[in-house]
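In: dropping the sequence and predicted coords here.
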Amino acid sequence: MSTENFTDPQSFTEELAASITGVGLVWAQTSDGVIGKDGDMPWHLPEDLKHFTRLTTGHPVIMGRKTWLSFPDKYRPLPGRTNIVITRQKSWADTPEAEGAVVVPSLDDALLESQFVDGGETVWILGGGEVFRQSTELANVAVVTTIDVKADGDTFAPELGPGWEATASVPPDGWLTGANGTRYRFTKWSRTEGLEHAEETGNLVRPGLHAAAPPSAALRNRGADDDPGRQQDRRSHRAGGGHAGLHLRCVLCAPRAESSGAGAVGPKLALTAAAWGGHPIAAGLLLP
């Protein structure tokens, strides 16, 4: 295993925040893989909350409705981030619970929305379980906090599979100890096996995303970006105008960077284009 060694957790988090681009998963779990119980985390670790805030601030975050509701009211929406919430409940966007969120019906729509907001070169997936399941095959990095506690749970961490490798951790061995005595560690996992090879070997299964059909219209809510020009861009793309109707480039339509030279893929989500090597959501991720 190729592992970069860090000893200071704050320096580790700063390095991750400065270097990660693409689609990232971020979660905290027990050593047994529990990430939640009854919509809450069965532990309290301020150091992890600080780490999470530094990592995700300035970038769009995507989550399911239950994960959104698990945050205390005073922290919704998470400040300094475009909060994109996925739900199949069509009327939920008009409820007070949705105040401050960009509400969409699918992961396809959430990823599309993430490319129209600041910081979209890095997109963080926050959960819950079903959103993680759909996102695991799309992401190129995962940042995991492992907490040395035993806890019952009803939601468990996603399985990354053999195409992933732990590439950095703090501490390199053993545990850090929080101010309240809780032991923990941070680990960065990177995709080392592209989607094409994974499909050949059967290690990954493509999620249920439909490339041929444009995403459904996103449900807009207060607190979202309501710039008329950007709304028109979305409508044009979804109405069938495709990429020609927008002065934008789909990262998955662009040639792979490693085979076509510099400049083949723009600044947003370039790593995912190289990692996927396929076209799972052709109507989705956009670049200037």
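Out: Perfect, I can see it now. The shown structure was predicted, so the numbers you read here are calculated from the model rather than taken from an experiment.
In: where in the stretch 151-288 of the chain is pLDDT low?
Out: Applying pLDDT under 70 to the stretch 151-288 of the chain flags residues 194-288.
In: likewise for the stretch 1-150 of the chain?
Out: Checking the stretch 1-150 of the chain against pLDDT under 70 turns up 1-5.
In: do that again at 80, thanks
Out: Within the stretch 1-150 of the chain, the set of residues satisfying pLDDT under 80 comprises 1-7, 37-40.
In: show me where it has its helices.
Out: Here the stretch 1-150 of the chain has its helices, by DSSP state H, counting those that start in this stretch, at 9-19, 46-56, 65-70, 107-114, 129-135.
In: list the buried ones in the third one?
Out: Residues of helix 65-70 classed as buried by neighbour count (16 or more other C-beta atoms under 10 Å): Arg65, Lys66, Thr67, Trp68, Ser70. For glycine as for every other residue, the C-beta is placed from the backbone atoms N, C-alpha and C.
In: which of those lies closest to Ile125?
Out: Thr67 (9.9 Å; C-beta to C-beta).
In: quick revisit: now for the buried residues of helix 65-70, which pair is the farthest apart?
Out: Across these (C-beta to C-beta), the longest gap, 9.8 Å, separates Arg65 and Ser70.
In: what sits against Gly36?
Out: By C-beta atoms under 8 Å, 6 or more residues apart in numbering, Gly36 lies in contact with Pro42, Ser70, Gly127, Gly128, Gly153, Asp154, Thr155.
In: adding distance to Val117, write the residues you listed out as JSON lines.
Out: Putting the contacts of Gly36 into JSON lines (distance: C-beta to C-beta, whole Å) gives the following:
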{"residue": "Pro42", "distance to Val117": "32"}
{"residue": "Ser70", "distance to Val117": "22"}
{"residue": "Gly127", "distance to Val117": "20"}
{"residue": "Gly128", "distance to Val117": "22"}
{"residue": "Gly153", "distance to Val117": "32"}
{"residue": "Asp154", "distance to Val117": "32"}
{"residue": "Thr155", "distance to Val117": "27"}
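In: quick one: buried ones out of the residues you listed?
Out: Buried subset of the contacts of Gly36 (neighbour count, 16+ other C-beta under 10 Å): Pro42, Ser70, Gly127, Gly128, Gly153, Thr155.
In: how near is the closest residue to the second one other than its chain neighbours to Asp154?
Out: Pointing back at Ser70 there. Counting by C-beta to C-beta, 6 or more residues apart in numbering, Gly39 is the residue found nearest to Ser70 once chain neighbours are left out, at 4.6 Å. Taking C-beta to C-beta, to the nearest Å as the measure, Gly39 falls 9 Å from Asp154.
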